[in-house]
Structures are given as C-alpha cells and as structure tokens.
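> Give me coordinates for this.
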Amino acid sequence: MLADVLCFGNLQLDILCRTVTALPPPGGLQMINAIDFALSGNAGNVAAVLARLGIGVDLAGYIGADIFGEQFRTILSQMGIGTELLQCHAAGGTGTSVIALSPSGERSILFVNGANALFDLHAVPDSWLQGRRVVSVGSVFVLPQFTGEAVAHLFKRAHSYGAKTVLNICWDGQGQGLSFLLAALAQTDYFVLSYDEGRQLTGHTEARGIVARLQPYVRGQVILTLGSAGCCLFAEERLQHIPALPVEATDCTGAGDGFTAGLIAGLVEGLSLPDAAGLGCKVASFAVTGPGAYPRVPSLAEMKIG
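Residues are numbered from 1 along each chain as shown. As a prediction, this is how the structure comes out:
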C-alpha cells in the first residue's frame with residue numbers, strides 16, 4: 001500500500017562537528033567538543049520526521065553503492081519509512097556532508113552529492129504518484145537534475161492524481177535566480193523557503209516584501225520560515241506571523257526540513273494552513289535542541305495533534 005506522502009530530494013551522511021568557531025591553519029590541529037554521524041539530506045530528514053510523527057511516507061531516490069547506502073536503507077526501514085522506491089546506483093557513492101556547528105547552532109556545510117546527483121525526475125513512473133496525498137520535492141539548487149522544468153513536470157503529473165505539492169529549496173549557490181524556479185512554482189501548492197533564501201531570490205529584506213514578490217508566481221501559498229521567530233504567510237488577505245516555541249538551539253541542521261515535515265503532517269491531518277504551519281514551527285523547535293533533525297520529534301499523538 002502506498003504511503004500518503006512521497007518525498008524526493010537528497011539523502012546524505014552528515015558528519016556533525018561541534019563546536020567550531022574557526023578552522024585551524026593549514027597543517028594545524030584543533031580539538032572540538034564532539035563529532036556525530038547522522039542520516040540526513042533534505043528528503044531523508046523530511047521522511048524521518050514524518051515517520052516520527054506517525055505519517056506514512058515513502059522515500060524515492062538513489063543510495064550510494066557502498067556500505068553507507070545499504071545501512072541507510074536498513075535504518076530507514078526500521079524507522080517505518082517506505083524504501084521500495086529507494087534504488088542503489090552502481091556508479092555513485094553515498095552523498096556526504098561535513099557540518100561545522102557554531103556555538104549558536106548555526107552551520108557551515110561542505111558536501112558532495114554522490115548518487116543523489118544522478119536521479120532524474122523525468123524518469124519517475126506514474127505508478128509512484130498514484131494514490132498520494134502529498135508529493136514533496138527538496139534539494140532544488142543542489143541537485144543538478146532537479147530543474148524548474150523537471151519539478152514542474154513531476155508536480156503536474158502529481159496533481160492529475162489528486163496530490164498536493166510541496167517545494168522546499170536550498171541556497172542558490174550558483175546564482176541561478178528566480179527565473180530558474182518559475183515553471184516549478186506554477187505547479188507548487190506550498191512553497192517553503194527560509195528568510196535568507198527569500199532575500200537572495202527577491203532582493204527584498206523584509207518578510208512582507210519577500211512573500212509579496214513570490215506569491216504571484218506560486219500556484220498556492222508561500223511560507224517563509226524565520227528561524228527562531230517562526231514563519232509567516234498570507235492568509236485571510238493579510239500577512240500572518242506564526243511564532244516558534246522558545247527553545248535553546250544547539251544544532252540548527254535540518255530545522256527547515258523539520259518545519260516542512262510538520263507542515264506536511266498538518267496538511268495530511270486536515271489542519272488549516274496557519275495551523276499546519278504552526279505545527280511546522282513546533283516540530284522545528286524540537287529539531288534544533290540537539291544533533292540531527294528528527295531524534296527528539298515526538299508523535300502527533302504525544303503532541304495531542306490530529
């Protein structure tokens with residue numbers, strides 16, 4: 001039986017280095033507090049958080065032809081994530097990220113895409129999309145095959161089977177700009193991006209200006225995340241601000257993915273968009289209190305939601 005949610009995006013091995021205030025000089029050494037390893041990547045995080053929340057989810061993509069890839073499949077299955085659509089690519093290794101965490105929990109990332117870069121959205125068969133309630137795509141601007149046109153084609157097919165579509169982008173490291181996304185946005189029901197990503201795309205520095213600039217291009221709604229300040233979106237013809245829970249952040253890695261998963265869970269549970277975004281903020285608040293996006297996230301039942 002197909003799960004309610006289907007996730008596309010990268011699946012990474014994260015090497016989390018805590019706490020890093022500066023890199024040592026060439027040839028030098030520097031002791032830090034801890035090094036942790038975690039299953040991550042945009043799609044990996046979103047799927048893992050959804051599973052923790054108790055939402056049925058399948059993960060589609062490539063794993064590397066190495067020991068980490070097969071370990072990931074086992075871990076994902078044990079978490080309750082559907083892995084039948086997660087395929088091993090013989091020529092690619094597992095995507096890996098080295099993440100330096102500052103004292104405030106902010107992160108600097110070095111990464112390789114590995115097999116993730118080889119996954120082609122155009123090759124997704126219709127049978128993967130049938131019966132879904134939500135189809136989610138992340139890692140745009142990071143995975144070369146995830147072009148605006150490729151995402152648009154996938155989302156258009158997903159709509160034909162009755163699914164809602166969620167798009168979550170990454171930092172535009174190559175400066176491809178808003179024009180790169182336009183085809184995808186026209187087929188996106190919920191466009192999730194961070195304040196920094198929105199500022200880069202639009203040139204606006206205020207949240208209202210960012211959302212207003214992007215909203216005309218989006219089929220549905222723009223949801224702008226604001227870190228510890230929560231998120232904002234247009235609802236009832238006004239910009240609504242939804243606060244986050246007050247927590248002490250120690251690792252912001254995957255906070256945006258946690259938000260996206262919480263939003264999707266709220267949509268699956270039939271919540272209004274502001275309430276679904278509020279759930280996203282709550283889930284993200286759990287995510288930032290330790291390493292990895294998902295280990296501390298409780299179920300919806302434990303949060304008394306749904």
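
> and stretch 138-152, which residues are buried?
Neighbour counts using 16 or more other C-beta atoms under 10 Å place 138-143, 145-148, 150-152 of stretch 138-152 among the buried residues. Heads up, the C-betas are built off the backbone N, CA and C, glycines and all.

> again with stretch 47-61
Neighbour counts over stretch 47-61 (16+ other C-beta under 10 Å) mark 47-61 as buried.

> from those residues, which is closest to A229?
Nearest to A229 among the buried residues of stretch 47-61: V49, at 20.6 Å, using C-beta to C-beta.

> isn't that closest one right up against G256?
No: the criterion here is C-beta atoms under 8 Å, and V49 misses it with G256 at 11.0 Å.

> A163 touches V134, doesn't it?
Yes: using C-beta under 8 Å, A163 is in contact with V134, at 6.1 Å.

> Spit out the residues that contact those two alike.
Both A163 and V134 are in contact with L6, where contact means C-beta atoms under 8 Å, 6 or more residues apart in numbering.

> mind listing the helices for the stretch 101-250 of the chain?
Per DSSP state H, counting those that start in this stretch, the stretch 101-250 of the chain carries helices over the ranges 148-160, 182-185, 195-202, 207-214.

> hang on, the earlier thing: which members of the buried residues of stretch 138-152 define the maximum pairwise distance?
V142 and A152 (17.7 Å).

> Now stretch 211-225: buried residues?
Neighbour counts over stretch 211-225 (16+ other C-beta under 10 Å) mark V211, R213, L214, Y217, V218, R219, G220, Q221, V222, I223, L224, T225 as buried.

> mind listing what the residue nearest to the first one when sequence neighbours are not counted touches?
Computed as C-beta to C-beta, 6 or more residues apart in numbering, the closest residue to V211 that is not its neighbour in sequence is V222, at 5.0 Å. Residues in contact with V222 (C-beta under 8 Å, 6+ apart) are F191, L193, V211, L214, Q215, L233, F234.
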